[in-house]
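Trainee: kindly return the folded structure for what I paste below:
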Amino acid sequence: MSHQLTVALLYSMIGLVSLLMYDAKKIQVSGEANRPAMSSVSTFRYVYRISQLTFLYALVLFFMGRHELTFSLFHNLATLYMGAWISVVGILLFIGAKSTLGQNYSHCSQMYVPKDIVMDGIYGHIRHPIYTANLIIILGLFVATGDVFVLALWGTMLGYYHRSARLEERGLRAAFPTYTHYMERTGRFLPKPLQLLKSLNSIREG
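Mentor: Numbers count the residues shown, from 1 in each chain. Next up is the predicted model:
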């Protein structure tokens, strides 16, 4: 089996997991109609579909082994596997964050006030780990392919996620007075270094 085919199969699994956890009807949040809606970036649903098409486009090129046909900044065996493993870290983070949210989840293109603020697990360090996970997955895809279209997608998603995160945080501060304190001790997309060090020290001492 060729290296590109191996990585293509890996990315196929990553894409399938992401698609099922985002789009499957059975995992949609129950009772959303009874929860207040928050300001959302409604156009993100279109950007999300574009991201799926870009992912599919890169996947087809993987299977074809024809990246020389694209606008690639680099492409070699080392970056191929490095990018794949970066994306694996991203999908694992996505699964963990999505599972931790449970019934408090709503898609960023149509956000609702959650039943409660989740502060467990990764949410004890990062306020928007699902956004972080998706950015890591796309970053890994860029490292694997060097494709400029994937890089452009990463920049677009970063901009949309920043805007969505600001709207979400504004809505949650209005709904939950304790959210302001939560924001002070957590990072938006990455952990705050000092808080992370404190947590690591607590684990060692415990």
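
Trainee: apart from its neighbours in sequence, what residue is nearest Val47?
Mentor: Leaving aside its sequence neighbours, Val47 sits nearest to Tyr160 (Cβ to Cβ, 6 or more residues apart in numbering; 5.6 Å). (Each C-beta comes from the backbone N, C-alpha and C, glycine too.)

Trainee: for the helix or strand where that neighbour lies, name the packing helices and strands.
Mentor: Assigned by DSSP states H and E, Tyr160 falls within helix 148-175. Where contact means 3 or more Cβ pairs under 8 Å, 6 or more residues apart in numbering; DSSP states H and E, helix 148-175 is packed against helix 44-64, helix 129-145, helix 179-185.

Trainee: can you give me the buried ones in the last one?
Mentor: Taking 16 or more other Cβ atoms under 10 Å as the neighbour-count basis, helix 179-185 is seen to contain the buried residues 179, 182.

Trainee: give the contact list for the residue nearest the centre of the chain.
Mentor: In the chain, the residue lying closest to the centroid (Cα atoms, centre = their mean) is Asn134, at 2.3 Å. Asn134 is in contact with 18, 90, 94, 157, 161, counting by Cβ atoms under 8 Å, 6 or more residues apart in numbering.

Trainee: quick one: secondary structure of the second one?
Mentor: It refers to Gly90. For Gly90, the assignment made with DSSP: H, G, I helix; E, B strand; the rest coil gives helix.

Trainee: show the pLDDT at it.
Mentor: Confidence at Gly90, expressed as pLDDT, is 97.

Trainee: cool, the first one as well?
Mentor: According to the per-residue confidence, Ser18 scores 88 in pLDDT.

Trainee: count of neighbours near it?
Mentor: Counted with other Cβ atoms under 10 Å, the neighbours of Ser18 add up to 21.

Trainee: centre of the chain to stretch 135-144, how far?
Mentor: Here stretch 135-144 is found 11 Å from its chain centre; the criterion is Cα atoms, centre = their mean, to the nearest Å.

Trainee: ditto for stretch 140-158
Mentor: On Cα atoms, centre = their mean, the centre of stretch 140-158 falls 14 Å from the chain's centre.

Trainee: grab the CA positions of it and hand them over as PDB.
Mentor: Listed next in PDB are the C-alpha coordinates belonging to stretch 140-158 (Å, rounded to 0.1, in the frame of the first residue of the first chain):
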ATOM      1  CA  GLY A 140      -2.500  18.900   9.800                       C
ATOM      2  CA  LEU A 141      -4.100  18.600   6.300                       C
ATOM      3  CA  PHE A 142      -2.000  21.600   5.200                       C
ATOM      4  CA  VAL A 143       1.200  20.100   6.600                       C
ATOM      5  CA  ALA A 144       0.400  16.800   4.900                       C
ATOM      6  CA  THR A 145      -0.300  18.400   1.500                       C
ATOM      7  CA  GLY A 146       1.300  21.800   1.500                       C
ATOM      8  CA  ASP A 147      -1.800  22.800  -0.500                       C
ATOM      9  CA  VAL A 148      -2.500  26.600  -0.700                       C
ATOM     10  CA  PHE A 149      -6.200  26.000  -0.900                       C
ATOM     11  CA  VAL A 150      -6.100  24.200   2.500                       C
ATOM     12  CA  LEU A 151      -4.000  27.000   3.900                       C
ATOM     13  CA  ALA A 152      -6.600  29.500   2.700                       C
ATOM     14  CA  LEU A 153      -9.400  27.500   4.300                       C
ATOM     15  CA  TRP A 154      -7.500  27.400   7.600                       C
ATOM     16  CA  GLY A 155      -7.200  31.300   7.600                       C
ATOM     17  CA  THR A 156     -10.900  31.600   6.700                       C
ATOM     18  CA  MET A 157     -12.000  29.200   9.500                       C
ATOM     19  CA  LEU A 158      -9.800  31.000  12.000                       C
END
